[in-house]
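>>> Fold the following and give me the result.
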Amino acid sequence: MKIVISESQYHSLFESQDEKNSNLIYKMWNDGMDIYEISELLGMKETQVVILLKDKEINIDCGFADNLLPILYDTNLLNTKFNFNGGQMKIELEWSNFGGYLEFEYDDKDCRLVGMATPYWNGDCTTPVDGSEFENKITGDYVDSYTELGLRIDSPSNFKSIQELMDFLNNYFPKQLIIPIRTLINYYK
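I've put the predicted structure just below:
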């Protein structure tokens, strides 16, 4: 007995389960469902849905990037520790599920600074950078006070995929933090 199958059916015979899931989720996405609806319907975590969609062509504006951040920081897809100047300067990032913001800790031989720098905060294409704790390692001075100087970093207004957003967060965003961090350090000193 001969069975006639289409070309797309033939290709699906050789797809991995992840590819099949990814294609199904992408079809659901293109049919107008959002990550939360797909997650609930398929009984998957939002992080699983995002991982399966990350390489697909999806238009991501600043508002959608803001919604994706808590999900992305709940995966191991984003770097959270960065070293600069041969390890002399370090920045560590941590997502606060309670507050819904990204906290940074800057550390070098002279000082330590903790603050907030949440990309796409409230769906804006900027990142407000504020300090909350400063330690001068040379003098021993310590300040535990929230400081809002109006510092901001401009961020790209759109991405073509979740992977492109992740590349920005892993490679460019931490470098952008250096300038406002230096301004905060000078303020606290």
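>>> Strand partners (parallel or antiparallel) of the stretch of helix or strand residue 149 belongs to?
In this assignment (DSSP states H and E), residue 149 forms part of strand 147-154. As defined by DSSP bridges, the strand partners of strand 147-154 come to strand 126-136 (antiparallel).
>>> Contacts for the strand it pairs with, please.
The contact list for strand 126-136 (Cβ atoms under 8 Å, 6 or more residues apart in numbering) reads 110-121, 141-155, 173, 176-177, 180-181, 184-185, 187-189. C-beta: built from backbone N, CA, C; applies to glycine.
>>> what's the following helix or strand after that strand?
Defined by DSSP H and E, the subsequent element after strand 126-136 is strand 142-143.
>>> That following strand pairs with which strands, parallel or anti?
Using DSSP bridges, strand 142-143 pairs in its sheet with strand 126-136 (antiparallel).
>>> which of the residues in the longest helix seen in the chain are buried?
The longest helix of the chain (DSSP state H) is helix 173-188. Neighbour-count burial for helix 173-188, counted by 16 or more other Cβ atoms under 10 Å, picks out 173, 174, 176, 177, 180, 181, 184, 185, 188.
>>> Specify which member of those residues is nearest to residue 50.
Nearest to residue 50 among the buried residues of helix 173-188, counting by Cβ to Cβ, is residue 173 at 17.8 Å.
>>> is it true that the closest one touches residue 119?
Yes - using Cβ atoms under 8 Å, residue 173 is in contact with residue 119, at 6.0 Å.
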